[in-house]
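Trainee: need coordinates for the following:
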Amino acid sequence: MLAALLAVSGCASVPSTSQAVARAAPFDVLGRVLVSYERQVFTANVRWVHAADADELWLMTPTGQALAHMREDAQGATLTTADQTQYRAARVESLTQRALGWALPMARLQYWLRGAPVPDGPAEITERDAAGKIKRLAQDGWRINYDYYPATENDGLPRRIELVGAAQTMRLVIDTWRRDTPEAPATPALR
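Mentor: Okay, here's the model as predicted:
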């Protein structure tokens with residue numbers, strides 16, 4: 001009943017801040033991604049290690065073979081495909097658009113993945129669950145929908161996230177959350 005009251009109570013706005021935005025707390029996630037774009041579908045297993053100074057993300061086949069590896073740090077971003085083609089840019093978003101055909105909003109996704117709006121921009125929270133967690137969020141041209149793990153499993157963090165943008169839809173299923181793990185353990189190399 002509380003969830004219904006929260007849903008009917010209207011939209012809440014998250015104010016914008018003028019302060020520099022800190023990176024989201026470190027995490028290491030394993031899961032799966034499905035991206036629908038331009039009448040195409042891309043699916044892969046995913047591993048994302050987010051640390052204080054860098055992000056590393058692997059897209060892999062179900063058997064663990066790496067399809068692409070992305071790294072972003074203060075020096076810029078690189079994306080290496082399975083055939084060893086390497087792309088470079090200032091941010092991952094432009095690399096994935098150019099190399100894979102769809103955009104990965106990594107800078108914002110580091111917050112959205114945890115069930116929070118990006119702190120430096122306006123956001124509209126349109127629904128919360130009975131525990132007060134965000135169920136639906138709109139920010140920067142994306143609509144984000146959440147399903148969470150129970151509080152006793154994976155600390156109640158998001159289990160499924162759907163991002164709907166103007167040109168694509170992305171669904172993430174997170175199988176394993178490892179929080180506060182700044183080191184990137186071994187992941188299959190590109191061959």
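Trainee: for the closest residue to I174 other than its chain neighbours, give its distance to T80.
Mentor: Nearest non-adjacent residue to I174, counting by CB to CB, 6 or more residues apart in numbering: G31, 4.1 Å away. C-beta coordinates here come from the backbone N, C-alpha and C atoms, glycine included. Separation of G31 from T80 (CB to CB, to the nearest Å): 21 Å.
Trainee: rewinding a little: I'd guessed the residue nearest to I174 sits against W177; true?
Mentor: No - applying CB atoms under 8 Å as the test, G31 and W177 come out as separate, 9.1 Å apart.
Trainee: just the element for the residue nearest in space to the middle of the chain, please.
Mentor: The centroid of the chain falls nearest to L109 when counting by CA atoms, centre = their mean (3.6 Å). Assigned by DSSP states H and E, L109 belongs to helix 106-112.
Trainee: for that helix, packing partners?
Mentor: Helices and strands touching helix 106-112, by 3 or more CB pairs under 8 Å, 6 or more residues apart in numbering; DSSP states H and E, are strand 54-60, helix 92-100, strand 134-139, strand 142-148, strand 158-164.
Trainee: for the residue nearest to the centre of the chain, which non-adjacent residue is spatially closest?
Mentor: L163 (7.7 Å).
Trainee: my guess is the one you found meets G141, correct?
Mentor: No - L163 is beyond contact range of G141, at 10.3 Å (criterion: CB under 8 Å).
Trainee: neighbour count for the two, which is higher?
Mentor: With neighbours defined as other CB atoms under 10 Å, L163 and G141 compare such that L163 has more, 21 against 10.
Trainee: now the chain, which segments are flagged as low pLDDT?
Mentor: 1-22, 180-191 (pLDDT under 70).
Trainee: which residues touch R47?
Mentor: Neighbouring residues of R47 by CB atoms under 8 Å, 6 or more residues apart in numbering: 28-30, 57-58, 60, 187.
Trainee: surely it is in a strand?
Mentor: Yes - under DSSP: H, G, I helix; E, B strand; the rest coil, R47 sits within a strand.
Trainee: show me how far stretch 120-134 is from its chain's centre.
Mentor: When C-alpha coordinates are averaged (CA atoms, centre = their mean, to the nearest Å), stretch 120-134 and its chain have centres 16 Å apart.
Trainee: what's the span of stretch 115-132 from first residue to last?
Mentor: End-to-end span of stretch 115-132 (CA to CA, to the nearest Å): 11 Å.
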